[in-house]
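A.B. asks: based on what follows, work out the 3D shape:
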Amino acid sequence: MTSDLGLPPVAAPYQLPFHYGALHNIGLDYLTDPAPARKLLAERHPALTLAEFDGRACVTLNYQLYFAQYAGGAGITQEIEVSLVAHPTAEADRLARLSYGQYARGLDQTKLLGIARLHVLCDNPIAIEAGTLLYGEPKYPAAFEAAMPSLNGPAGEAWSVRCTTPAGEPLLSFEADLAGLARESVNNTPITGYGTDAAGRPLAGPMNVYHPYQYVELGEAAAGRVRLRVDDPASEVGRHLNELLGDAEAVAAWSYQSAPVAAHNHPYYLSR
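C.D. replies: Below is the predicted model:
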């Protein structure tokens, strides 16, 4: 059956698809009590149904640092998405029954299991406007301090992200040290991001990443490697994180870092 809705309009001056010049991304997944997740999903995205993995909801949080080049310049953006894994209610009969591990490794070939965004905190006004207008994202201003693995820094696999209000008031932060942990290359994209526009219409926007993600399953051996802190429990994002997560520990981390495209090498002396 085909839809008679057509495609959502692309608000000027934007063009789609949006092409990323570079992307550095880490995500954390939590398996939690589905009751508060169902309630919040019904309020924010009523056309969606919560995905459950062995009776647990998946709360997912991801940080992105990305670069985009335009005809008249360039932009750098940082953001954190706080989401629930969900699917369109009307498409439930198309989904296979998957474990969390199968989902995380990209085995949902329908790509209907996507991220229903609850909060998108972002430091770029243009990205905030574009995400809101084009994809129905609940996107609003924030500021970031981040450290991550880099070929231009000390060796290591540690990530540290601190998110504040634009005025510098702490909201949330997390640390993830993935050094020495087993990882798998997984083909888990396109990732379908779900939103609801100002008119209440549900939207789905797939994002392709042109290289495998690195997936790290966190077990007892990785206890203490990931720490998430809600710095302002009175904020809406802080309240929702506490309601959704309780005392749950992260079950997995996944990361992607764009490969370098050039290198400026060590200089050498010329004879005189």
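
A.B. asks: assess the claim that residue 208 and residue 190 are in contact.
C.D. replies: Yes: between residue 208 and residue 190 a contact is recorded at 4.8 Å, counting by Cβ atoms under 8 Å. Glycine gets a C-beta too; all of them are placed from N, C-alpha and C.

A.B. asks: the two - which one has more neighbours?
C.D. replies: Between residue 208 and residue 190, counting by other Cβ atoms under 10 Å, residue 190 is the more crowded of the two (13 against 9).

A.B. asks: next, the contact list for the more buried one, please.
C.D. replies: By Cβ atoms under 8 Å, 6 or more residues apart in numbering, the contact list for residue 190 reads 111, 206-209.

A.B. asks: quick one: what helix or strand has the residue lying closest to it once chain neighbours are set aside in it?
C.D. replies: Counting by Cβ to Cβ, 6 or more residues apart in numbering, residue 206 is the residue found nearest to residue 190 once chain neighbours are left out, at 3.8 Å. Assigned by DSSP states H and E, residue 206 belongs to strand 202-207.

A.B. asks: do the same with residue 255
C.D. replies: Residue 255 belongs to strand 250-257, assigned by DSSP H and E.

A.B. asks: which neighbours does that strand have in its sheet, and in what orientation?
C.D. replies: strand 22-32 (antiparallel), strand 213-217 (antiparallel) (DSSP bridges).

A.B. asks: what element comes up after the first one heading to the C-terminus?
C.D. replies: Toward the C-terminal end, the helix or strand that comes next after strand 22-32 (DSSP H and E) is helix 34-44.

A.B. asks: now swap in the last one and tell me
C.D. replies: Once strand 213-217 ends, the next helix or strand along the chain (criterion: DSSP H and E) is strand 226-230.

A.B. asks: I'd like the next helix or strand past that following strand.
C.D. replies: With DSSP H and E, the next secondary element past strand 226-230 is helix 236-245.

A.B. asks: so what does that following helix touch, helix or strand wise?
C.D. replies: When contacts are defined as 3 or more Cβ pairs under 8 Å, 6 or more residues apart in numbering; DSSP states H and E, helix 236-245 packs onto strand 22-32, helix 34-44, strand 57-70, strand 73-88, strand 114-122, strand 170-177, strand 226-230.

A.B. asks: residue 206 reaches residue 110, doesn't it?
C.D. replies: No: with contacts counted by Cβ under 8 Å, residue 206 stays clear of residue 110, the gap being 11.4 Å.

A.B. asks: remind me which residues of this protein are low pLDDT?
C.D. replies: 1-4 (pLDDT under 70).

A.B. asks: centre-most residue in it?
C.D. replies: residue 62 (3.5 Å; Cα atoms, centre = their mean).

A.B. asks: for residue 98, see how far away that residue is.
C.D. replies: 20 Å (Cβ to Cβ, to the nearest Å).

A.B. asks: now residue 201
C.D. replies: 28 Å.

A.B. asks: what of residue 40?
C.D. replies: Counting by Cβ to Cβ, the gap from residue 40 to residue 98 is 22 Å.

A.B. asks: these two: who's more crowded?
C.D. replies: Neighbours per residue, other Cβ under 10 Å: of residue 40 and residue 98, the larger number sits with residue 40, 19 against 15.

A.B. asks: the more buried one against residue 244, yeah?
C.D. replies: Yes: applying Cβ under 8 Å as the test, residue 40 and residue 244 come out as touching, 7.1 Å apart.

A.B. asks: joint contacts of those two?
C.D. replies: residue 84.

A.B. asks: and residue 70, bridged to which residues?
C.D. replies: Applying DSSP bridges, one finds that residue 70 bridges with residue 73.

A.B. asks: next, count neighbours for it.
C.D. replies: By other Cβ under 10 Å, neighbour count at residue 70 equals 11.

A.B. asks: same question, residue 143
C.D. replies: 17.

A.B. asks: I'd say it and residue 122 touch.
C.D. replies: No: Residue 143 lies out of contact with residue 122 (Cβ under 8 Å); the separation is 9.7 Å.

A.B. asks: residues touching stretch 225-241, excluding its own?
C.D. replies: For stretch 225-241, contacts defined as Cβ under 8 Å, 6+ apart pick out 28, 40, 61, 82, 118-119, 121, 169-178, 181, 218, 242, 245, 249-250, 253.

A.B. asks: appreciated, that's everything.
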